[in-house]
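Asker: return a 3D structure for these sequence lines:
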Amino acid sequence: MSMPPRPWLPALGLRGRLMAIGVFGLSVGLALGGLVLLGVLGYVLQRSVDSEAFRTADAVALLAAE
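Answerer: Numbers count the residues shown, from 1 in each chain. Modelled structure (predicted):
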(Lines give C-alpha, C1' and ligand atoms only; values in the text may rest on other atoms or scores of the structure.)
Protein backbone atom coordinates (compact mmCIF):
# COMPACT_ATOMS: atom_id res chain seq x y z
CA MET A 1 0.00 0.00 0.00
CA SER A 2 1.38 3.35 -0.99
CA MET A 3 0.57 6.55 0.80
CA PRO A 4 -1.58 9.09 -1.03
CA PRO A 5 0.29 12.17 -2.28
CA ARG A 6 0.32 15.23 -0.10
CA PRO A 7 -0.78 18.18 -2.23
CA TRP A 8 0.09 20.70 0.49
CA LEU A 9 3.75 19.57 0.68
CA PRO A 10 4.45 18.22 -2.79
CA ALA A 11 8.16 18.94 -3.24
CA LEU A 12 9.48 18.96 0.32
CA GLY A 13 11.75 16.20 1.45
CA LEU A 14 12.35 15.14 5.03
CA ARG A 15 14.59 18.13 5.76
CA GLY A 16 12.05 20.55 4.35
CA ARG A 17 9.19 19.05 6.33
CA LEU A 18 11.23 19.09 9.54
CA MET A 19 12.22 22.70 8.85
CA ALA A 20 8.57 23.66 8.26
CA ILE A 21 7.49 21.93 11.47
CA GLY A 22 10.28 23.64 13.41
CA VAL A 23 9.49 27.08 12.01
CA PHE A 24 5.78 26.60 12.71
CA GLY A 25 6.45 25.40 16.27
CA LEU A 26 8.82 28.26 16.98
CA SER A 27 6.36 30.79 15.57
CA VAL A 28 3.54 29.47 17.73
CA GLY A 29 5.77 29.45 20.80
CA LEU A 30 6.95 33.01 20.23
CA ALA A 31 3.39 34.21 19.61
CA LEU A 32 2.14 32.60 22.82
CA GLY A 33 5.10 33.99 24.75
CA GLY A 34 4.38 37.47 23.38
CA LEU A 35 0.74 37.24 24.42
CA VAL A 36 1.72 36.13 27.92
CA LEU A 37 4.25 38.95 28.14
CA LEU A 38 1.65 41.51 27.06
CA GLY A 39 -0.80 40.18 29.64
CA VAL A 40 1.73 40.33 32.46
CA LEU A 41 2.91 43.81 31.49
CA GLY A 42 -0.68 45.05 31.32
CA TYR A 43 -1.40 43.60 34.77
CA VAL A 44 1.73 45.15 36.28
CA LEU A 45 0.99 48.52 34.68
CA GLN A 46 -2.60 48.52 35.97
CA ARG A 47 -1.44 47.58 39.45
CA SER A 48 1.17 50.34 39.42
CA VAL A 49 -1.36 52.95 38.30
CA ASP A 50 -3.84 51.82 40.97
CA SER A 51 -1.17 51.96 43.66
CA GLU A 52 -0.12 55.47 42.66
CA ALA A 53 -3.75 56.62 42.55
CA PHE A 54 -4.36 55.30 46.08
CA ARG A 55 -1.20 57.03 47.31
CA THR A 56 -2.31 60.31 45.75
CA ALA A 57 -5.82 59.94 47.23
CA ASP A 58 -4.33 59.33 50.67
CA ALA A 59 -2.15 62.43 50.33
CA VAL A 60 -5.15 64.54 49.29
CA ALA A 61 -7.21 63.17 52.20
CA LEU A 62 -4.40 64.11 54.63
CA LEU A 63 -4.22 67.61 53.18
CA ALA A 64 -8.00 68.01 53.44
CA ALA A 65 -7.95 66.84 57.06
CA GLU A 66 -5.43 69.52 58.06
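
Asker: count the residues that sit near Thr56.
Answerer: 10 (other Cβ atoms under 10 Å). For glycine as for every other residue, the C-beta is placed from the backbone atoms N, C-alpha and C.

Asker: secondary structure element for it, which one?
Answerer: helix 14-65 (DSSP states H and E).

Asker: over to Leu12?
Answerer: Per DSSP H and E, there is no helix or strand for Leu12.

Asker: so it sits against Ala20, correct?
Answerer: Yes - contact criterion Cβ atoms under 8 Å: Leu12 and Ala20 qualify, at 6.7 Å.

Asker: and the one residue sitting closest to the centre of the chain, how far is that from Ala64?
Answerer: Of all residues in the chain, the one closest to the mean position by Cα atoms, centre = their mean is Leu35, 1.5 Å from it. Shown here: Leu35 relative to Ala64, a distance of 43 Å by Cβ to Cβ, to the nearest Å.

Asker: and what of Gly25?
Answerer: The value you get for Gly25 to Ala64, if Cβ to Cβ is used, is 58 Å.

Asker: which one's more surrounded, the two?
Answerer: More crowded of Gly25 and Ala64, by other Cβ under 10 Å: Gly25, with 10 against 7.

Asker: per-residue pLDDT of that one, please?
Answerer: Looking at Gly25, its pLDDT is 97.

Asker: ok, now Leu12?
Answerer: Reading off the confidence values, Leu12 has pLDDT 79.
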